[in-house]
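J.: Return atomic coordinates for the entry below.
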Amino acid sequence: MQQKRFVFLSLTVWECLKPILILAAVISLFRNALLINRTAVFWLVLLCSGYLVFPALAVLLFFRQSGSSRLLPVLRMGKIVTILPCFLLLIIELSSRTVFMVHFIFLPLAFSSSLFLFIIFSIDLIFLTFIISLKEENRRN
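T.: Numbers count the residues shown, from 1 in each chain. Predicted coordinates for the structure are as follows:
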């Protein structure tokens, strides 16, 4: 039971952190375009705000264990839906001949956008595996 709660808590933290990281990467990649139109950042915030549904579900599952069997399929489907665009963008980035660098203000290093996408995809895949394994445990109980 404590393992489930830890998975939901870490999923909540990751799902809250992921839109911030994606937004910072997009701002870094499109810095020149944002100099022309400064309000474009708000469009990016609007685009990333849909990701905040998943931390809300994870928090709900963290505090309410009794209804978790009904909410886990929704969380699992949502995780799959958010992984697919990241996977497709990763394939496009890897097939591209140019390498774009992502510079974060809070890190002294610069990442390639492919590496950044691969890290996000890998962490999401790990959480999807945990969510699927939790679903299987509910079926056995």
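J.: rest of the way, CA atoms for contacts and neighbours
T.: Noted.
J.: So which other helices or strands are in contact with the helix or strand hosting Met77?
T.: Met77 belongs to helix 68-95 when elements are defined using DSSP states H and E. Judged by 3 or more Cα pairs under 8 Å, 6 or more residues apart in numbering; DSSP states H and E, the packing partners of helix 68-95 are helix 53-63, helix 113-140.
J.: Go through the last one and flag the buried ones.
T.: Read it as helix 113-140. 113-114, 116-118, 120-121, 124, 127-128, 130-131, 134-135 (16 or more other Cα atoms under 10 Å).
J.: Reformat the residues you listed as TSV; add pLDDT and distance to Phe8.
T.: Listed next are the buried residues of helix 113-140 as TSV, based on pLDDT from 0 to 100; distance: Cα to Cα, whole Å:
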residue	pLDDT	distance to Phe8
Ser113	74	28
Ser114	78	28
Phe116	80	24
Leu117	82	23
Phe118	86	22
Ile120	87	18
Phe121	89	18
Asp124	89	13
Phe127	88	9
Leu128	88	11
Phe130	86	9
Ile131	84	9
Leu134	74	10
Lys135	51	13
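J.: between those, which is closest to Arg31?
T.: Nearest to Arg31 out of the buried residues of helix 113-140 is Ser113 (Cα to Cα; 14.1 Å).
J.: quick one: the closest one and Glu93 touch, right?
T.: Yes. In this structure, Ser113 is within contact of Glu93 by Cα atoms under 8 Å, at 7.5 Å.
J.: Identify the residue nearest the geometric centre of this structure.
T.: Centroid-nearest residue in the chain: Lys18, 4.4 Å away (criterion: Cα atoms, centre = their mean).
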